[in-house]
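Undergrad: Got a sequence here, can you build the structure:
(one chain, ligands or ions: 1)
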Amino acid sequence: MAEDSKIFTAPKGTKDILPPQSWRWEHLTRLALDTFARAGFAPITTPDFEHTELFERGVGNASEVVTKQMYTFPDRGGRSLTLRPEGTAPVMRAVLEHGLERGPLPVKLAYAQAMFRYERPQKGRTRQHLQVGAEGIGSANPLLDAEIIELSHRFLQEAGLEPHLLLNSIGHEDASCRQGYIKVLSGFLQEHAPELASDDRQRLETNPLRTFDSKEKRTVEVMKDAPLLSEYICDACREHFAEVCSALDDVGVDFELEPRLVRGLDYYTRTTFEYQVAGLGSQSAVGGGGRYDGLSEALGGPPLPGIGFGLGIERILLALDSKGSWTTTVEGPIHVYVVALGDEAERAALKLAIDLRRAGVGADFDLMSRSMKGQMKDASRSGARYAVILGEDEMAKGTAAVKDLVTTDQKTVALDEVLAAVRT
Ligand code: HAM
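TA: Have a look, this model is predicted:
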């Protein structure tokens, strides 16, 4: 493609969400925020970019997101800024900046925001993606874990999916817990280093836990015999996890224990979870989350435990498509299409459509002086239930023909009765 035609192409790994697909994005986003709001999670919007250091300290210098995937740039004032690659560190930053942790706890916040990651694009993996998520901050109670997990699970079900929940505890950053385990794991990995894929060998020093995430066949084979964190976590973490599991049983959320689930961001402690769904190929995680009890302190704040999740809208839609079912019908917003024939009728159509809109009814009309046939075609394309026809006869009599486009019934009513006729 010629260089100068690039302006007609969205940047690699990004895409436009066009109608009718955009209605589904809109619908899912609203469903998510409504579902989260009914559980007490208030919406928050953070800036699309933050100081780079926030992610370096929050998400972790050893994570792939920070080392390989961030969109980082200097602004004109010489600051290093980064487009938000994930939502949790910014939410925690906002909580600390505004002292929300000094108010009623837990602070419950929800978001639907774009995330930016420089990744190799493929099905279900883009360089800008939309995540809906919720964070509960300021409580270490395992019932908060259960509340958060049930909330994400229910939303995925309401969206039309059958999410498979994988659950694990990765302990906390303490010599008697995860640090002790990492020593054991590092010893095991050193012993098997020659059998590992070379990429995995390279990060042995920096991030041994990540080895569980490897998709390399050779590494996966080795990891089948690796010591598991669940056998090493401390009593307090074990007890916390047992309570999360039994609370999930109480509320009827099924899960599978997956001791190899480590997740990709360094702030996680204790409970971690991920949702797998069919039809996504290698990007089978539609969302995930976990506790991040040390995140506030990593950012220089007070001890402030928390847990949350993020779900990718694009992957949810891909999974729904692969099921071949869009179980949640999206009602089109146009309920009435006004068909007008002649100049006078066109002006009346503008007025009638606006009167209907002012009364809360979605309405549209023709602006291209199409033929009757063309306008009726446009009416059905718009998804309208009713076509209201203003022809010469109707204009002369001050009436309109109201046609139900589903049953094809048609009746003539006075102009001021149109609203009542389409309200059924
Ligand atoms: P994450 O697992 O990195 O977690 O991302 C959450 C979800 O966002 C993924 O499961 C996936 O559906 C979607 N996603 C991630 N990267 C891409 C991509 N490149 N293209 C398309 N979709 C993508 C987090 O970001 C954590 N902040 C979640 C969390 C909230 N943990 C605690 N609170």
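Undergrad: Contacts made by the helix or strand bottoming out on mean pLDDT in the chain with the rest, please.
TA: Ranked by mean pLDDT, DSSP states H and E, the weakest helix or strand in the chain is helix 198-202, scoring a mean of 85. With C-beta atoms under 8 Å, 6 or more residues apart in numbering as the test, helix 198-202 has contacts from 193, 211, 214, 216, 219. In this view, the C-beta of every residue, glycine as well, is placed from N, C-alpha and C.
Undergrad: could you list every residue that touches residue 59?
TA: So residue 59 contacts 65, 66, 85, 86, 89, 265, 266, 267 (C-beta under 8 Å, 6+ apart).
Undergrad: interface residues of the stretch 1-150 of the chain facing the ligand?
TA: Contact residues, the stretch 1-150 of the chain versus the ligand (C-beta under 6 Å from any ligand atom): 86, 87, 88, 117, 119, 124, 125, 126, 129, 131, 133, 135.
Undergrad: Contacts only, for the closest residue to the fourth one other than its chain neighbours.
TA: What that stands for is residue 117. Leaving aside its sequence neighbours, residue 117 sits nearest to residue 69 (C-beta to C-beta, 6 or more residues apart in numbering; 4.2 Å). The neighbourhood of residue 69, defined by C-beta under 8 Å, 6+ apart, consists of 85, 117, 118, 119.
Undergrad: one more time with 10 Å, if that's ok
TA: 55, 59, 63, 85, 86, 116, 117, 118, 119, 120, 127, 264 (C-beta atoms under 10 Å, 6 or more residues apart in numbering).
Undergrad: Distance-wise, check it relative to residue 316.
TA: 21 Å (C-beta to C-beta, to the nearest Å).
Undergrad: What mean pLDDT does stretch 9-28 get?
TA: For stretch 9-28, mean pLDDT is 94.
Undergrad: Give the buried residues for that stretch.
TA: Under the neighbour-count criterion of 16 or more other C-beta atoms under 10 Å, stretch 9-28 has 13, 24, 25, 27, 28 buried.
Undergrad: Ok, stretch 205-225 next?
TA: Judged by neighbour count (16+ other C-beta under 10 Å), stretch 205-225 contains these buried residues: 207, 208, 209, 210, 211, 212, 213, 214, 219, 222, 223.
Undergrad: Tell me which two of those residues sit farthest apart.
TA: 207 and 222 (16.0 Å; C-beta to C-beta).
Undergrad: Find the nearest non-adjacent residue to residue 341, please.
TA: Nearest one to residue 341, counting by C-beta to C-beta, 6+ apart, is residue 391 at 4.8 Å.
Undergrad: now residue 41
TA: According to C-beta to C-beta, 6+ apart, the nearest residue to residue 41 is residue 110 (3.9 Å).
Undergrad: Just want the phi and psi numbers for the residue in the stretch 151-300 of the chain that the ligand sits nearest to.
TA: Per C-beta to the nearest ligand atom, residue 289 is where the stretch 151-300 of the chain lies closest to the ligand, at 3.7 Å. Residue 289 adopts backbone torsions of phi -180, psi -160, taken as degrees, to the nearest 10.
Undergrad: Now do the contacts for it.
TA: Per C-beta under 10 Å, 6+ apart, neighbours of residue 289: 88, 133-135, 145, 148-149, 152, 263, 265, 268, 271-275, 307-311.
Undergrad: Same check on residue 189?
TA: 182, 195-196, 200-201, 203-205, 208, 211, 219, 222-223, 226-227.
Undergrad: Show the pLDDT at it.
TA: For residue 189, the predicted pLDDT is 94.
Undergrad: is it fair to say it lies in a helix?
TA: Yes - under DSSP: H, G, I helix; E, B strand; the rest coil, residue 189 sits within a helix.
Undergrad: From residue 273, how far off is whichever residue of the chain sits closest to the ligand?
TA: Closest to the ligand within the chain is residue 312: 2.4 Å, counting by C-beta to the nearest ligand atom. Taking C-beta to C-beta as the measure, residue 312 and residue 273 are separated by 15 Å.
Undergrad: Among the residues of the stretch 1-150 of the chain next to the ligand, name the ones in helices.
TA: residue 88 (DSSP state H).
Undergrad: Can I get the residues of the stretch 1-150 of the chain next to the ligand in JSON lines including distance to residue 320?
TA: Compiled in JSON lines, those are given as follows (distance: C-beta to C-beta, whole Å):
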{"residue": "86", "distance to residue 320": "24"}
{"residue": "87", "distance to residue 320": "22"}
{"residue": "88", "distance to residue 320": "26"}
{"residue": "117", "distance to residue 320": "23"}
{"residue": "119", "distance to residue 320": "22"}
{"residue": "124", "distance to residue 320": "12"}
{"residue": "125", "distance to residue 320": "17"}
{"residue": "126", "distance to residue 320": "17"}
{"residue": "129", "distance to residue 320": "16"}
{"residue": "131", "distance to residue 320": "17"}
{"residue": "133", "distance to residue 320": "19"}
{"residue": "135", "distance to residue 320": "25"}
